[in-house]
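Enquirer: Need the 3D shape of this:
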Amino acid sequence: MNCLLCYSPCHISPSMKIRLSIFSFGVRMMANDNDHLITKDMVIKYNLLSERKKELEKELDELKKTFHIYFDNLVGKNVKGEITVHNYKLQRQIRNTQKFNEVETVKRLEELNMKDLIRVVKKPDEEKINAAMNLNFLNEDDLKGCVVTSSSQAIVVKPL
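Expert: Residues are numbered from 1 along each chain as shown. I've put the predicted structure just below:
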């Protein structure tokens, strides 16, 4: 079947069961029995909302910075605080997390002969693996099935 977008043999996997049809008002895609319509207005709206989101996040960051400076001066750094402004309560909450400094903790546990409390983690050294491959001590087939590729999706709209 020829693709309705490029009029050549379809480049979309048949196992995905995707049918494309173009209408004057947008592109309709039916994937796995779900009907989705992408229109010009939707793309424009997405682009505008994305730009507004960036502006709003920048504005929120500036306000947060101002609030933190205010609370730093009022109650001190990293101290929770609260004020009431008209009908709103503005609070600064402090969340503390603790974790062990790995190098210092391992050193101290070894000094205390508590080696049972130290975890030994075997990890591949990517730098050394790549060097071994460059020197032909190791080839890709030797590690077949060991490489994991991950992907993430992103939507980008750029005005033309």
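Enquirer: use CA for all of it now, contacts and neighbours both
Expert: OK.
Enquirer: And the helices in this protein?
Expert: Assigned by DSSP state H, the chain shows helices spanning 40-75, 102-111, 126-134.
Enquirer: Which of the ones you listed sits closest to Lys158?
Expert: Closest approach to Lys158 among these (Cα to Cα): helix 40-75, 7.5 Å.
Enquirer: how about the closest one: buried residues?
Expert: For helix 40-75, a neighbour-count test (16 or more other Cα atoms under 10 Å) marks 43, 47, 68, 71-72 as buried.
Enquirer: Just give me the closest of the residues you listed to Arg108.
Expert: Checking these against Arg108 with Cα to Cα, the nearest one is Asp72 at 35.2 Å.
Enquirer: so how far is Asp61 from that closest one?
Expert: Between Asp72 and Asp61 the distance, using Cα to Cα, to the nearest Å, works out to 16 Å.
Enquirer: could you dump the helices of the chain to JSON lines with mean pLDDT and distance to Gln153?
Expert: Shown next, in JSON lines, are the helices of the chain (pLDDT from 0 to 100; distance: least, Cα to Cα, whole Å):
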{"stretch": "helix 40-75", "mean pLDDT": "95", "distance to Gln153": "16"}
{"stretch": "helix 102-111", "mean pLDDT": "95", "distance to Gln153": "34"}
{"stretch": "helix 126-134", "mean pLDDT": "94", "distance to Gln153": "25"}
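Enquirer: could those helices go into a markdown table alongside distance to Gly145?
Expert: Output for the helices of the chain, formatted as a markdown table (distance: least, Cα to Cα, whole Å):
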| stretch | distance to Gly145 |
| --- | --- |
| helix 40-75 | 39 |
| helix 102-111 | 31 |
| helix 126-134 | 15 |
